[in-house]
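> Here's my sequence, what's the structure:
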Amino acid sequence: MSDKAWGIRFNVEPNFARLQKGQIPEGCPDWFGPRQIEQWREAGLIAWNTTDKKVELLSGHATLELLNRLLEKDNWKMEGVSITQLVYRFETQMGHRGRRKKGEIHEPSSDNLTDKSEPVHEEIMHLPPDAGTELIELLQSNKHHITKMVEQEKEHQNRVLKQIFEMLLRSHRTNEESDFDFATRSFRWECKEKGRWACSYQQAQGRVCLDKTLLYWHACVRRAHFVGGSNYFTDLQKAVEWVEKELVSLANQPSSPEMEKRIRTGKQIEADRERLRQKLLGGPNWIDPALIEPARITYQVFIELDAKPINFKTYESMCGETHRYDERYLTPSKMTTALGLDFDRFSVDQPAGENSEWYRIASLTKYYQELSAAEQAQKIWDQSQVLQQFKAGKISRARYGYQEVETGYTVFLGACEGIEKTWEQPCSRKAHLEFMALNESLCFALDVKDFRDYLGVSPETVNDQQILSIMHMGRIRSKNIPEDIRRESKLWIAQHDALAI
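Have a look, this model is predicted:
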């Protein structure tokens, strides 16, 4: 091959094995220098001409075009093989400017200028006619690899173009943001992070965020319990102006009585419960707290905790905030294993339903002495892995103690909690029994409206059918409600379960 005046070679993949100093790859012409040797080892079609001492490495696209030309036309049999590359040729012609007086400046008009640009195939190497047959055979045998090269080149070109476009667009957005003077605006704008700005007016908040595509500024306004608005702008100034205008309009919208009634504060709920207690006190449906007191009290070790999800997905809201969804939590058995507890010695409940963060863990062993329950609770807590899981960030808060089996009243001995999520102050045993008595009295009365006020929830949160189900289940569990009333509730539950099926 090295003795021929020309040569062709096709490498399916590159080969950059280390060469010793002065070593030339096998089959490589002797006159090849370091640059030609590097081309020799690249993937693709390599052609060389010994007379001109030229070497060309063709791309997959150029190789495929060469094969198609050789197959479509046979002029190469007489004229030889012309290897070309696609170039763009630009031509600019200036019209006759004519004479001008001394000191006169003559600017050429657009009519005197002619610009031409056209793609042309420029010959970069010429091979003799006998190379054509060998080229066709070589390229047809490697057509699969050539087609794959073309696809990879297109993907690479698209990636490069995308990167260039993103770089230019990001540069434009950076300059746009840095040049914009937020300090002169009517509202006080705060930069949350690059590309995210926020402001507020009374109870309304506004945001301007650069979306992930960098094509638009996303503007939005919101207010608690109100329907806000959003819009997209290609210009930052227009996005800011829109937010400021909509912010004032949204803040000035009056709250409706229905909305104020739907939103209940903790104090309002407590006031409603006291009103309901006074309403039922001494009536036919009233259950005295003294009746809640059991004849005998037993205790169990109790641990309550909020866990963090083991995995989740996220999405970005229209206002640029990141929210989690499809959260996954440990099953009860896996949670006890993670805490270093024996699953067979404890019952684990998730009050908010399966796959939720709230866990209530109670010992299956019941203790007759309060002191024994307290000692066991401390021992189990110290031997568990709760604190290690909390420190590792897998638990957001936890507390432990012992609980009365008959009343559910809990004495907490200690807790671990973060700054963002703390435990509320536990109530007294007297208040707990009064709360239970009020709950049973309301279930006995079976008034949907009163029970809704007691819970402090809106119809959008819990509908009337769900309220009725809660009250009938409360009737069934109560030992202080007459047996005939409890039978009615059992029948109601059975009928509605059948309808649900």
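> all contacts plus neighbour counts: C-alpha atoms, from now on.
Fine.
> List the buried residues in stretch 395-413.
395-405, 407, 409-412 (16 or more other CA atoms under 10 Å).
> for it, how far is the first residue from the last?
Stretch 395-413 has its terminal residues 18 Å apart, counting by CA to CA, to the nearest Å.
> what sits up against it?
Here stretch 395-413 makes contact (CA atoms under 8 Å, 6 or more residues apart in numbering) with 292-294, 297-308, 366, 373-374, 377-378, 381, 386, 389-390, 414-418, 421-423, 429, 432-433.
> filter these to the buried ones?
292, 297-308, 366, 373-374, 377-378, 381, 386, 389-390, 415-417, 432-433.
> Just the ones of the contacts of stretch 395-413 in strands?
Counting by DSSP state E, the part of the contacts of stretch 395-413 found in strands is 299-307, 414-417.
> what's the closest of those residues to residue 9?
Using CA to CA, residue 307 is the member of these that lies nearest residue 9, at 63.9 Å.
> So the residue lying closest to the closest one once chain neighbours are set aside versus residue 304, what's the distance?
Closest residue to residue 307 apart from its sequence neighbours, by CA to CA, 6 or more residues apart in numbering: residue 395 at 4.3 Å. Applying CA to CA, the value for residue 395 to residue 304 is 11 Å.
> again, but for residue 169
51 Å.
> residues near residue 46, how many?
21 (other CA atoms under 10 Å).
> That one falls within a helix, correct?
No: per DSSP: H, G, I helix; E, B strand; the rest coil, residue 46 lies outside any helix segment and is strand.
> so what's the spatially closest residue to it that is not a sequence neighbour up against?
Closest residue to residue 46 apart from its sequence neighbours, by CA to CA, 6+ apart: residue 57 at 4.7 Å. By CA under 8 Å, 6+ apart, the residues touching residue 57 are 39, 40, 42, 44, 45, 46, 47.
> Residue 57: which element?
Using DSSP states H and E, residue 57 maps to strand 54-58.
> what's the helix or strand for residue 120?
Assigned by DSSP H and E, residue 120 belongs to strand 113-127.
> average pLDDT for that strand?
For strand 113-127, mean pLDDT rounds to 73.
> and if you look at stretch 158-169?
pLDDT averaged over stretch 158-169 gives 89.
> per-residue pLDDT, residue 151?
Value for residue 151, per-residue pLDDT: 93.
> Oh, that last question was meant for residue 321, not what I typed.
On the pLDDT scale, residue 321 is placed at 65.
> same question, the one 10 residues further on
Looking at residue 331, its pLDDT stands at 94.
> Is it in contact with residue 357, as I believe?
No: using CA atoms under 8 Å, residue 331 is not in contact with residue 357; the gap is 10.3 Å.
> okay, these two: which has more neighbours?
Shown here are residue 331 and residue 357; by other CA under 10 Å, residue 357 has more neighbours (20 against 15).
> how far away is the more buried one from residue 336?
14 Å.
> Tell me the spacing between residue 28 and residue 37.
Distance from residue 28 to residue 37, by CA to CA: 8 Å.
> no no, residue 193
Counting by CA to CA - residue 193 and residue 37 are separated by 51 Å.
> now do residue 378
Taken as CA to CA, the span from residue 378 to residue 37 is 77 Å.
> before we move on, what about residue 134?
Note on residue 134: its distance to residue 37, by CA to CA, is 22 Å.
> more neighbours, the two?
Neighbour comparison, residue 134 and residue 37: the larger count goes to residue 37, with 16 against 12 (by other CA under 10 Å).
> tell me the pLDDT at the more buried one?
85.
> Quick check, residue 49 in contact with residue 31.
No: contact criterion CA under 8 Å: residue 49 and residue 31 do not qualify, at 10.9 Å.
> The two: who's more crowded?
residue 49 (18 against 11).
> what's that one sitting at in phi/psi?
phi -130, psi 110 (degrees, to the nearest 10).
> Please apply the same query to residue 282.
According to degrees, to the nearest 10, residue 282 has phi 80, psi 0.
> Grab the nearest non-local neighbour of the residue nearest in space to the middle of the chain.
By CA atoms, centre = their mean, the chain has its centre lying nearest to residue 314, at 2.7 Å. Nearest residue to residue 314, sequence neighbours excluded (CA to CA, 6+ apart): residue 324, at 4.4 Å.
> give me the low-pLDDT residue ranges for the stretch 401-501 of the chain?
Applying pLDDT under 70 to the stretch 401-501 of the chain picks out residues 498-501.
> Can you identify each of the helices in it by residue range?
Ranges of helices within the stretch 401-501 of the chain are 429-445, 448-455, 464-477, 483-500, based on DSSP state H, counting those that start in this stretch.
> okay, the angle between the shortest one and helix 429-445?
Right, helix 448-455. 160 degrees (axes from the mean of the first three to the mean of the last three CA atoms, to 10 degrees).
> what do you get for the last one?
Regarding helix 483-500 and helix 429-445, their directions subtend 70 degrees when assessed with the same axes, to 10 degrees.
> which residues touch helix 483-500?
Taking contacts as CA under 8 Å, 6+ apart, the residues outside helix 483-500 that touch it are 469, 472, 473, 475, 476.
> Make a markdown table out of these and add neighbour count.
Putting those into a markdown table (neighbours: other CA atoms under 10 Å) gives the following:
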| residue | neighbour count |
| --- | --- |
| 469 | 16 |
| 472 | 23 |
| 473 | 16 |
| 475 | 28 |
| 476 | 21 |
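> ok, so of these, who is nearest residue 254?
residue 469 (36.0 Å).
> could you measure the closest one against residue 490, distance?
Computed with CA to CA, the distance linking residue 469 and residue 490 is 10 Å.
> which strands and helices sit next to the longest helix along the chain?
Scanning the chain for the helix with the most residues, using DSSP state H, yields helix 143-179. Here helix 143-179 touches helix 60-72, going by 3 or more CA pairs under 8 Å, 6 or more residues apart in numbering; DSSP states H and E.
> okay, the helix it packs on in CSV with CA atoms only?
The C-alpha coordinates for helix 60-72 follow below in CSV (Å, rounded to 0.1, in the frame of the first residue of the first chain):
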residue,chain,number,x,y,z
GLY,A,60,-19.7,10.5,7.5
HIS,A,61,-21.9,12.9,5.6
ALA,A,62,-19.2,13.6,3.0
THR,A,63,-18.4,9.9,2.6
LEU,A,64,-22.1,9.0,2.0
GLU,A,65,-22.3,11.8,-0.6
LEU,A,66,-19.2,10.5,-2.3
LEU,A,67,-20.6,6.9,-2.5
ASN,A,68,-23.9,8.2,-3.9
ARG,A,69,-22.1,10.2,-6.6
LEU,A,70,-20.0,7.3,-7.7
LEU,A,71,-23.1,5.1,-8.0
GLU,A,72,-25.3,7.6,-9.8
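> could you say what helices and strands that helix packs with?
Here helix 60-72 touches strand 44-49, strand 81-94, helix 130-141, helix 143-179, going by 3+ CA pairs under 8 Å, 6+ apart.
> Just checking, which helix or strand succeeds that helix along the chain?
helix 76-79.
> got the buried residues for that next one?
Neighbour counts over helix 76-79 (16+ other CA under 10 Å) mark residue 76 as buried.
> Could you list the residues in contact with it?
70, 82, 128, 129, 130, 132.
> mind running it again at 7 Å?
129, 132 (CA atoms under 7 Å, 6 or more residues apart in numbering).
> can you give me the mean pLDDT across it?
89.
> Dump that helix to CSV, restricted to CA.
Only the C-alpha atoms of helix 76-79 are listed here, as CSV (Å, rounded to 0.1, in the frame of the first residue of the first chain):
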residue,chain,number,x,y,z
TRP,A,76,-15.2,9.0,-12.9
LYS,A,77,-14.3,6.0,-15.1
MET,A,78,-12.8,8.5,-17.6
GLU,A,79,-12.1,11.7,-15.5
